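J.: what follows is a predicted structure for the sequence shown.
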Amino acid sequence: MILLSFLFIPILTALLLLFIKNNQLAQRTAIVFSLLTLFVALGMLCTTVVDFNAAWLPNLNSRFVLHADGLSKILILLTAISFPAILIATANNEFKQRNIFLSLLLFTQAGLMGVFLAGDALLFYFFWELALIPVYFLCSIWGGEKRIAITFKFFIYTFLGSLFMLVGILFLNAHTADHSFLIRSFMSANLSAGQQITAFALFFIAFAIKMPLFPLHTWQPDAYEQSPTAVTMVLSAVMVKMGLYGVIRWLAPLFPVAFMAHTHVVVILSIIGILYASFIAIRQDDIKRLIAYSSIAHIGLMNAALFTHTSIATQGALVQLFSHGINVLGLWIVADIIEQQTGTRSMQQMGGLAKKQPVLAILLVGFALANIALPLTNSFVGEFLMFTGLFQFSPWMAAFAGVSVVLAAIYTLNMVQKVAYGAVSEKINTMQSPNKGAQAVLIILLMIVLVTGIFPQPLFTLTADTLQQLFVK
């Protein structure tokens, strides 16, 4: 039942919020139950989780199967940390129909939890859509001035990706001996090399759009810019991990021949995306777009590491799934605090944050250093392992990807210099101390950055079973 609680708590809370009209009560209700989900997630790490298996769609031979291995647990933990952090940090932001906004956010959380737990392909697809559909409404109703056009673009990309994946699921189901949607049945499907490549392509397009991978990335910066920052945090910290999760859970185990046949192509595309996003980030003045392009570069590195199909790079990517989520969440919260108080996202209009709000500036610098993988921060561990695996795969590709380390330092430190230092700008001079909730969230997230950077072994232990499944046959 512990696995079901990751679905029931956010879904029941989301339904309850629809009837709570008082904004403060709705916010407190969402925070309390999201914290309850976090406590359950922390308890899950200390217990042996029993899979859940029940009848669901018997006429289609699909079952309601939930499974939690190390890969699922680390992403469940990230999701469980992210939502209360987002809800607390944005508690003072103004939203019309706050209860509906919060309800849709928690439906998204339930969908994400389901994606990371589903052991049946049809169930996986159901939760994939459950995670995405509320985001369409959140962006189109509460987004910026260009929200309609941007949401439509986001819809087209994700709808086509989902459609390709559904076709791939049905294609695989037709080739299973028992016509089941269970992942273990898919693994035993008798596919020729050509059929593997077809199925691989159908799934990969959906996952590449969700990451997003170059050249399917164009929806992301616009969506991040126009979405309410709370939604952007969900998209960047957690939702993009759906694509990487799909690569690990579905592509590598189900289509080994096709996976190995496409390693060089995908790694090259990933490195192009890393460099492209990094150079674009350097040119940004909008702090949200800078963080968005930075995220594209980091996700590209994780995907490249996974497609090297080396155990050390994969271990690094598994750790980085969690670390990147924590780091980018911290950056988004700081950016949101500045935007809410100054009314601007332009770094040219910022400056002097360290003089006006020294604590917030220290927190910004901490997350910025984690973003460039400074030793003793959480990102250093993952990036070191990923670059080691890339070097084993191809020294030349590792060299090109390694340029991104320098580029990340340029755009990240440039952001810190423009925002935190120099003369106090007119906009920054109007800032007040952030609310205690947001400040507490940032301090806790920075503690996670440092603790998992200095003592990463718990993350290695948590993901050891996933690594063994992928590389020990």
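T.: Looks like it came in fine.
J.: now stretch 284-291: average pLDDT?
T.: Rounded to a whole number, the mean pLDDT of stretch 284-291 is 86.
J.: now the helices for the stretch 101-250 of the chain?
T.: 121-142, 147-174, 183-187, 193-210, 219-226, 229-234, 241-246 (DSSP state H, counting those that start in this stretch).
J.: buried deepest among those helices, which one?
T.: Among the helices of the stretch 101-250 of the chain, helix 229-234 has the highest mean neighbour count (mean count of other Cβ atoms under 10 Å), at a mean of 25. Every residue, glycine included, has its C-beta placed from N, CA and C.
J.: what does that helix rub up against?
T.: Contact partners of helix 229-234, identified using Cβ atoms under 8 Å, 6 or more residues apart in numbering, comprise 82-83, 86-87, 90, 93, 105, 108-109, 135, 138-139, 142-143, 223-224, 288, 292, 329, 332-333, 335-336, 339.
J.: got a PyMOL select line for the buried ones in the residues you listed?
T.: A single PyMOL command selects the buried members of those (16 or more other Cβ atoms under 10 Å):
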select buried, resi 82+83+86+87+90+93+105+108+109+135+138+139+142+143+223+224+288+292+329+332+333+335+336+339
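J.: rewinding a little: compare the mean pLDDT across the helices of the stretch 101-250 of the chain and name the weakest.
T.: When those are compared on mean pLDDT, helix 219-226 scores lowest, with a mean of 73.
J.: for that one, packing partners?
T.: Applying 3 or more Cβ pairs under 8 Å, 6 or more residues apart in numbering; DSSP states H and E, one finds that helix 219-226 contacts helix 147-174, helix 287-307.
J.: so what touches that helix?
T.: Applying Cβ under 8 Å, 6+ apart, the external contacts of helix 219-226 come out as 139, 143-147, 150-151, 153-154, 157-158, 209, 212, 232, 235-236, 286, 288-289, 291-293, 295-296.
J.: got the CA positions of it in PDB?
T.: Extracted in PDB, the C-alpha atoms of helix 219-226 (Å, rounded to 0.1, in the frame of the first residue of the first chain):
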ATOM      1  CA  TRP A 219       9.400  24.300 -27.000                       C
ATOM      2  CA  GLN A 220      11.300  24.400 -23.700                       C
ATOM      3  CA  PRO A 221      12.800  27.900 -23.300                       C
ATOM      4  CA  ASP A 222       9.500  29.600 -24.400                       C
ATOM      5  CA  ALA A 223       7.500  27.300 -22.100                       C
ATOM      6  CA  TYR A 224       9.700  28.000 -19.100                       C
ATOM      7  CA  GLU A 225       9.600  31.700 -19.700                       C
ATOM      8  CA  GLN A 226       5.800  32.000 -20.100                       C
END
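J.: now do it: distance to the chain's middle.
T.: Computed by Cα atoms, centre = their mean, to the nearest Å, the separation of helix 219-226 from the middle of its chain amounts to 15 Å.
J.: which residue ranges of this protein form strands?
T.: Using DSSP state E, the strands of the chain run over 52-57, 62-66.
J.: give me the mean pLDDT for stretch 251-266.
T.: Taken as a whole, stretch 251-266 has an average pLDDT of 86.
J.: quick one on the thing from earlier: same list (the helices of the stretch 101-250 of the chain) but as CSV, adding distance to residue 57.
T.: What follows is those, written out as CSV (distance: least, Cβ to Cβ, whole Å):
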stretch, distance to residue 57
helix 121-142, 7
helix 147-174, 12
helix 183-187, 15
helix 193-210, 21
helix 219-226, 31
helix 229-234, 28
helix 241-246, 21
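J.: any idea which of those helices gets closest to residue 463?
T.: When the helices of the stretch 101-250 of the chain are compared by Cβ to Cβ, helix 241-246 sits nearest residue 463, at 12.2 Å.
J.: excluding chain neighbours, give the residue nearest to residue 190 in space.
T.: Computed as Cβ to Cβ, 6 or more residues apart in numbering, the closest residue to residue 190 that is not its neighbour in sequence is residue 175, at 6.6 Å.
J.: check contacts around that neighbour.
T.: Counted by Cβ under 8 Å, 6+ apart, residue 175 has contacts 189, 190, 191, 195.
J.: which among these gets closest to residue 439?
T.: Checking the contacts of residue 175 against residue 439 with Cβ to Cβ, the nearest one is residue 189 at 51.8 Å.
J.: that closest one and residue 246, how far apart?
T.: In this view, residue 189 and residue 246 are 17 Å apart by Cβ to Cβ, to the nearest Å.
J.: one more: residue 179?
T.: According to Cβ to Cβ, residue 179 and residue 246 sit 22 Å apart.
J.: gap between stretch 228-244 and the chain center?
T.: Relative to its chain's centre, stretch 228-244 lies at 5 Å (Cα atoms, centre = their mean).
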